[in-house]
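*Asks:* coords below, sequence missing:
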Ligand SMILES: CSCCC(=O)/C(O)=C/O
Ligand SMILES: [Fe+2]
Ligand code: NI
């Protein structure tokens, strides 16, 4: 089940809002310009599937977003707990960073925890199969896949160079919950 929890950035112990209901999550995230949609994830795709097959299964939705929002390129991140570089890959996304473009991710399978730092609030978004999240450019955030990752995500980029992160140097991510295995 997807879930949103909202904290103050100075008090990780106090949950100000919590919901597992998709409409409520989308409404709350919409207030701060974050897109949260449910797509049909009908294709039976598991980590390790060929990226071309993943993209082909969601071609119509991908084309719609590219047309509407001007995204230029698409790739697929696919990981399970057998991946030999899982610890390094987890670490890559764990510290607070921004991108100069929107972060648009669709979870074809599995789950991952996006945490967004917007003004003085922290939005922890557990994304699960069928969720599309669209985070505006320059939003501070981090991502946890847990010690035992299991997900397939389609990523859309406006920058043809793909994933480029600007790390803020803050240690805030270490103060907030990680994704349990
Ligand atoms: C769920 S896709 C992998 C994470 C990612 O692309 C990113 O930018 C995290 O901040
Ligand atoms: Fe990101
Ligand atoms: Ni990022």
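*Replies:* Structure received. Keep in mind the model is a prediction, meaning the values are calculated, not measured. Ligands and ions are numbered 1, 2, ... in the order given.

*Asks:* near ligand 1, anything from the strand or helix carrying residue 106?
*Replies:* Residue 106 belongs to strand 103-118 when assigned by DSSP states H and E. Yes. Judged by CB under 6 Å from any ligand atom, strand 103-118 comes into contact with ligand 1 through 103, 105, 112. C-beta coordinates here come from the backbone N, C-alpha and C atoms, glycine included.

*Asks:* ditto for stretch 76-96
*Replies:* Yes. For stretch 76-96 and ligand 1, the contact criterion (CB under 6 Å from any ligand atom) is met by 77, 93.

*Asks:* buried stuff in that stretch?
*Replies:* 76-80, 83, 86, 90, 93-96 (16 or more other CB atoms under 10 Å).

*Asks:* May I see those arranged in JSON lines, with distance to residue 177 as well?
*Replies:* Listed next are those as JSON lines, based on distance: CB to CB, whole Å:
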{"residue": "76", "distance to residue 177": "27"}
{"residue": "77", "distance to residue 177": "22"}
{"residue": "78", "distance to residue 177": "24"}
{"residue": "79", "distance to residue 177": "20"}
{"residue": "80", "distance to residue 177": "22"}
{"residue": "83", "distance to residue 177": "23"}
{"residue": "86", "distance to residue 177": "19"}
{"residue": "90", "distance to residue 177": "15"}
{"residue": "93", "distance to residue 177": "15"}
{"residue": "94", "distance to residue 177": "12"}
{"residue": "95", "distance to residue 177": "15"}
{"residue": "96", "distance to residue 177": "14"}
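
*Asks:* For this protein, what lies in contact range of ligand 1?
*Replies:* Counting by CB under 6 Å from any ligand atom, the residues of the chain that sit close to ligand 1 are 77, 93, 103, 105, 112, 141, 143, 153, 155, 163.

*Asks:* Quick check: PyMOL command selecting the buried ones in these.
*Replies:* To isolate the buried ones among the residues of the chain next to ligand 1 in PyMOL, judged by 16+ other CB under 10 Å, type:
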select buried, resi 77+93+103+105+112+141+143+153+155
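
*Asks:* ok, the residues of the chain next to ligand 1 vs residue 176, which is closest?
*Replies:* Proximity of the residues of the chain next to ligand 1 to residue 176 (CB to CB) peaks at residue 141, which lies at 11.1 Å.

*Asks:* Isn't that closest one up against residue 117?
*Replies:* Yes. The pair residue 141 and residue 117 qualifies as a contact (CB atoms under 8 Å) at a distance of 6.4 Å.

*Asks:* Now list whatever residues contact both of the two.
*Replies:* Shared contacts of residue 141 and residue 117, defined by CB atoms under 8 Å, 6 or more residues apart in numbering, comprise residue 96.

*Asks:* Throw the residues of strand 103-118 next to ligand 1 into JSON lines and include pLDDT, thanks.
*Replies:* Output for the residues of strand 103-118 next to ligand 1, formatted as JSON lines (pLDDT from 0 to 100):
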{"residue": "103", "pLDDT": "95"}
{"residue": "105", "pLDDT": "97"}
{"residue": "112", "pLDDT": "98"}
